[in-house]
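Peer 1: Structure for this input, please:
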Amino acid sequence: MGEFFSNVARYPKYLISIIAGGIVALLEPLFKNKSNPLTLVSLISSIISASITVYFVLQAMTNPINLQP
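Peer 2: Below is the predicted model of the structure:
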């Protein structure tokens, strides 16, 4: 039974490594071209935009507006 829990404990590490690898694979082409000023500006603006979007989504999820009086 201990081997079962050992195997189950590995899944979160696997999930985190898959997600991190996917993010790195998606962002690597942008960071290769960061010497181009236009690419750098678009990279910074997309990071800021993504951060603002995540903030507002999390705020809406944790503090829903009660429309009922």
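Peer 1: now Lys13: how far from Ser51?
Peer 2: Look at Lys13 and Ser51: by Cβ to Cβ, to the nearest Å, they are 26 Å apart. (C-beta placed from N, C-alpha, C; glycine too.)
Peer 1: going on from the helix or strand hosting Ile16, what's the next piece of helix or strand?
Peer 2: Secondary structure from DSSP states H and E places Ile16 in helix 2-32. Sequence order places helix 37-62 as the next helix or strand after helix 2-32, per DSSP H and E.
Peer 1: Could you tell me the model confidence score at the most centrally placed residue in the chain?
Peer 2: Centroid-nearest residue in the chain, with Cα atoms, centre = their mean: Ile23, separated by 7.4 Å. Looking at Ile23, its pLDDT stands at 87.
Peer 1: Please renumber the chain so that the first residue is 197 from this point on.
Peer 2: With 197 as the first residue, the last one maps to Ile219.
Peer 1: just for this structure, where's the confidence low?
Peer 2: Scanning the chain with the threshold set as pLDDT under 70 gives 262-265.
Peer 1: Got the domain ranges for the protein?
Peer 2: 197-228, 231-260 (automatic domain parsing).
Peer 1: Could you check the shortest one and say which residues are buried?
Peer 2: Of the residues in domain 231-260, those scored as buried under the neighbour-count criterion (16 or more other Cβ atoms under 10 Å) are Leu239.
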